[in-house]
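Peer 1: Any chance you could fold what I've pasted below:
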Amino acid sequence: MSIRAGYGFDPTTAVEIERSRVRDRASGDKGQALELEFKHLFNRIGRDGWGWGVNMAVGTATVDDVGWRSQYVSIKLPYTVSLRGGEALLHINAGLQKQRGERREWVTSTAFEHKVGSRTKLFIELGREDRSTLLHGGVRHWLKRDKIAVDFSVQQLRSTEGSDRGVVIGLGWYDL
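Peer 2: Numbers count the residues shown, from 1 in each chain. Model prediction:
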């Protein structure tokens, strides 16, 4: 379960904060995470049909209520192309991430989203972080257009340690 809130300073600059709770049914482990993210586009996708920018994030987490610890910092360069007359978007991201106690690693992802109604989008994402691959897909429905959204999705993470699957339910408030 995650809750995300964001504020847009202008059409190209925003900050978002996300709080997540995770529970592994098999092991009984529980955890929480908090992420602060800054996003800036150097041009406008709606006007130009494409956009690129910078995304910087810092995250912290706790597992089984054992104190909050800094977990990672990342910087990514996103590139987005508007398709089908603005009904769909293709996102490509590349960057670096540094997790606590580990070496820097390259992170990449490709995502596609498409409108299926006036307030609903389907999305799918394939991401790679070092030796882990994430496949994530679902639906986002805007309860209030471009302000409040609810997400339902499924994901699968494959790494050298094995494979995990899960369901993600998210609630987001944007442009507070």
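
Peer 1: how close does the nearest residue to Lys115 once chain neighbours are set aside sit to Pro11?
Peer 2: Using CB to CB, 6 or more residues apart in numbering and skipping the chain neighbours, the partner closest in space to Lys115 is Glu87 (4.8 Å). Backbone N, C-alpha and C define where each C-beta goes, glycine included. Look at Glu87 and Pro11: by CB to CB, to the nearest Å, they are 19 Å apart.

Peer 1: same check, this time on Arg44
Peer 2: Taking CB to CB, one finds Arg44 at 6 Å from Pro11.

Peer 1: what do you get for Ala5?
Peer 2: Taking CB to CB, one finds Ala5 at 18 Å from Pro11.

Peer 1: In terms of packing, which of those two has more residues around it?
Peer 2: Each of Ala5 and Pro11 has its neighbours counted (other CB atoms under 10 Å); Ala5 has more, 15 against 11.

Peer 1: the strands in this protein, which residues?
Peer 2: All strands of the chain, identified by DSSP state E, fall at 2-10, 13-23, 30-41, 50-63, 69-83, 88-99, 104-115, 120-129, 132-144, 148-159, 162-173.

Peer 1: Tabulate those (JSON lines), appending mean pLDDT.
Peer 2: Compiled in JSON lines, those are given as follows (pLDDT from 0 to 100):
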{"stretch": "strand 2-10", "mean pLDDT": "90"}
{"stretch": "strand 13-23", "mean pLDDT": "90"}
{"stretch": "strand 30-41", "mean pLDDT": "92"}
{"stretch": "strand 50-63", "mean pLDDT": "93"}
{"stretch": "strand 69-83", "mean pLDDT": "92"}
{"stretch": "strand 88-99", "mean pLDDT": "95"}
{"stretch": "strand 104-115", "mean pLDDT": "96"}
{"stretch": "strand 120-129", "mean pLDDT": "96"}
{"stretch": "strand 132-144", "mean pLDDT": "95"}
{"stretch": "strand 148-159", "mean pLDDT": "93"}
{"stretch": "strand 162-173", "mean pLDDT": "88"}
